[in-house]
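Student: Test case, fold it:
(one chain, ligands or ions: 1)
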Amino acid sequence: MKDYSGHIGIIGGGIAGLTLGCALLKEDIPTVIFEKMPEETSHGAAISLSMNALRLLDRLDIYNDLKDQSFIHSAASIQGPQNEISSFQTPEVLTTRRQTLMTLLYSKYLNLGGEIHHGYTFDSFDPVKREATFANKEKYTFKHLAACDGIRSSIRDTSFSANQDPKYSGYSAWRGIGKSNLQKIHFALGPDSHIVSYPINKTGDVSFVAVRKEDFQFKESWKEEGSIKDLLDDFFLYDSKIFPVIADSMPLYKWGIYIRPPLQSMICKNITLVGDSAHPMVPFLGQGACMAIEDAYSFAMACRKHVNNFADAQEAYDFVRNKRTKKIQKLSMIQGKIYHMKNSLLVLARNAVMKYTNIPGNDLRRIHDYDAHDEMQTYLSFGDLRVINSGKGP
Ligand SMILES: Cc1cc2nc3c(=O)[nH]c(=O)nc-3n(C[C@H](O)[C@H](O)[C@H](O)COP(=O)(O)OP(=O)(O)OC[C@H]3O[C@@H](n4cnc5c(N)ncnc54)[C@H](O)[C@@H]3O)c2cc1C
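Tutor: You can find the predicted model right below:
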């Protein structure tokens, strides 16, 4: 059996796990990923990524290839269920198929010499022996464990917060891809619901996410297959032309959106949570995957700086990332309330702010302007100074 005792063992090969793998290998830190799904997994639907994530993907040499296969936006429009409210310039946002992003991250990771084991379901971790056990009974020793196993993280359950199962947020989301000539990001806002649509490439593929607040009971899993008629019934208030033309053969799913309460800390012993395992959020600012990318990049920087003492790397990571991700989690929830307003006076006020002020664009710009590289660099330098000033330094 291979010796990984000098490696960071990453559980989960999603956006967080693969980005962390790439970022660590770029810093010459040995790493190995264990993913429960088979190699040929389909990642479905689409995703939007803002500059706070894109500038990190650029530093990992992934951005240019991604850009070639995606759509770059600088404009958006907003309407009510039927009528236009406003059009405005947005900070740059890239939209793409999830499969495209995953394929690029995966090939970058392999090109950097990364190892990934598919079909390995993590079972437990002994932090004293630093030994992980998998469902197939194989055991591996790691120098450190990075939990990138998503919202249903079993590592979070066992080592961070027992009895905090993911909770239905009260929102469900239809997601699908069709054809239309839409050339910008389009929001349609109605009472207790909204629809976001955007092109994901230059060949007319348009993705939509249609969200409703409802007490929907998901029977077996977090998603259920539905028909175009079910979708249009759920959004009967809206002009149906908002949706792209969806082929009958295209599977359509309605997903339950789940959340977990914020954690006190993203680190515990020699385990670090990265991405949704630490801070799943409602998707109304399109920031969940962006936060996973920021986390992964930042943790790799901290590990490089404190390569001989990962406890210090964890402390830096937790200090910088906990603050940022808690804030974005909260803002995402507030955004849902803004989109779904019902009171007609509040709706008028919201629409006036959207039409006559730059407030929405400026709020987004503040989130997108954040540079996780600079933030971590500053903290790592400032941390050193603090040690020297306190007399404990060299
Ligand atoms: C409707 C919707 C729309 C969204 N839109 C956007 C958007 O536009 N922009 C954006 O930034 N974010 C968006 N998000 C959020 C984004 O999808 C997530 O934040 C992101 O996928 C989290 O990545 P992750 O790698 O942390 O977790 P995941 O993607 O969940 O990956 C976890 C990985 O771990 C593996 N795994 C789990 N358990 C185990 C185990 N025991 N052993 C081994 N492997 C395991 C899983 O198979 C998976 O591959 C959206 C979310 C939703 C629900």
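Student: which other residues reach stretch 350-367?
Tutor: For stretch 350-367, the surrounding residues in contact (C-beta atoms under 8 Å, 6 or more residues apart in numbering) are 50, 52, 78, 80, 85-86, 88-91, 285, 287, 328, 331, 338, 341. From N, CA and C alone the C-beta is placed, and that goes for glycine too.
Student: The residues you listed also near the ligand: which ones?
Tutor: Among these, the ones lying close to the ligand by the criterion of C-beta under 6 Å from any ligand atom are residue 287.
Student: Name the member of the contacts of stretch 350-367 with the most neighbours.
Tutor: Sorting these by how many neighbours each has (other C-beta atoms under 10 Å) puts residue 287 first, at 25 neighbours.
Student: so where is this protein shaky, pLDDT-wise?
Tutor: In the predicted model, the chain carries pLDDT under 70 at residues 162, 219-221, 383-394.
Student: Helix or strand: which one has the residue nearest in space to the middle of it?
Tutor: Residue closest to the mean C-alpha point of the chain, counted by C-alpha atoms, centre = their mean, is residue 289 at 1.5 Å. Of the helices and strands defined by DSSP states H and E, residue 289 is found in helix 288-305.
Student: quick one: buried residues of the lengthiest helix in the chain?
Tutor: Using DSSP state H to assign secondary structure, the helix with the most residues in the chain is helix 310-339. Residues 310, 312-322, 324-325, 328-329, 331-333, 335-336, 339 are the ones in helix 310-339 that count as buried (16 or more other C-beta atoms under 10 Å).
Student: Next, the contact list for residue 120, please.
Tutor: For residue 120, the contacting residues are 34-36, 134-136, 138, taking C-beta under 8 Å, 6+ apart as the criterion.
Student: so which strand or helix has it?
Tutor: Secondary-structure element containing residue 120, defined by DSSP H and E: none, the residue being outside all helices and strands.
Student: And the one 5 residues further on, by the same measure?
Tutor: Residue 125 is part of strand 122-126 when elements are defined by DSSP H and E.
Student: Buried residues, that strand. List them.
Tutor: Judged by neighbour count using 16+ other C-beta under 10 Å, the buried positions of strand 122-126 are 122, 125.
Student: go on, stretch 169-179?
Tutor: Of the residues in stretch 169-179, those with enough neighbours to count as buried (16+ other C-beta under 10 Å) are 169-178.
Student: Stretch 56-72 now?
Tutor: Along stretch 56-72, the positions that meet the burial threshold by neighbour count (16+ other C-beta under 10 Å) are 56-57, 60, 62-63, 66, 69-71.
Student: So which residues make contact with it?
Tutor: Outside of stretch 56-72, the residues within contact range by C-beta under 8 Å, 6+ apart are 19, 22-23, 26, 49, 54-55, 92-97, 100-101, 104-105, 108, 198-202, 293-294, 297, 372-373.
Student: Could you look up the SS state of residue 52?
Tutor: With DSSP: H, G, I helix; E, B strand; the rest coil as the basis, the three-state label of residue 52 is helix.
Student: thinking it is in contact with residue 371, fair?
Tutor: Yes - with contacts counted by C-beta atoms under 8 Å, residue 52 reaches residue 371, the gap being 7.3 Å.
Student: what residues does the stretch 51-200 of the chain put near the ligand?
Tutor: Residues of the stretch 51-200 of the chain found near the ligand, taking C-beta under 6 Å from any ligand atom as the criterion, are 121-122, 148-150, 154, 173, 175.
Student: Let's see that with 5 Å instead.
Tutor: With the criterion set to C-beta under 5 Å from any ligand atom, the stretch 51-200 of the chain comes near the ligand through 121-122, 149-150, 173.
Student: Would you agree the residue nearest to the centre of the chain is in contact with residue 47?
Tutor: Yes - with contacts counted by C-beta under 8 Å, residue 289 reaches residue 47, the gap being 5.8 Å.
Student: any common contacting residues for those two?
Tutor: Common neighbours of residue 289 and residue 47 are listed as residue 101 (criterion: C-beta under 8 Å, 6+ apart).
Student: For the stretch 1-150 of the chain, which segments count as strands?
Tutor: When secondary structure is read from DSSP state E, counting those that start in this stretch, the stretch 1-150 of the chain shows strands at 8-11, 31-35, 46-50, 71-79, 84-97, 115-118, 122-126, 131-134, 139-141, 144-147.
Student: what's the closest of the buried residues of stretch 169-179 to residue 229?
Tutor: If you rank those by distance to residue 229 using C-beta to C-beta, residue 174 comes first, at 12.1 Å.
Student: list the buried ones in the helix holding residue 289?
Tutor: For helix 288-305, by 16+ other C-beta under 10 Å, it's 288-305.
Student: now do stretch 144-161
Tutor: Judged by neighbour count using 16+ other C-beta under 10 Å, the buried positions of stretch 144-161 are 144-151, 153-157, 159-161.
Student: which one among these gets closest to residue 255?
Tutor: Comparing the buried residues of stretch 144-161 against residue 255 with C-beta to C-beta places residue 151 closest, at 11.6 Å.
Student: just checking, the closest one touches residue 260?
Tutor: Yes - with contact taken as C-beta under 8 Å, residue 151 and residue 260 are classed as touching, separated by 6.7 Å.
Student: any common contacting residues for these two?
Tutor: Counting by C-beta under 8 Å, 6+ apart, the contacts common to residue 151 and residue 260 are 166, 280.
Student: Contacts only, for residue 182.
Tutor: Applying C-beta under 8 Å, 6+ apart as the definition, the contact partners of residue 182 turn out to be 197-199, 206, 244.
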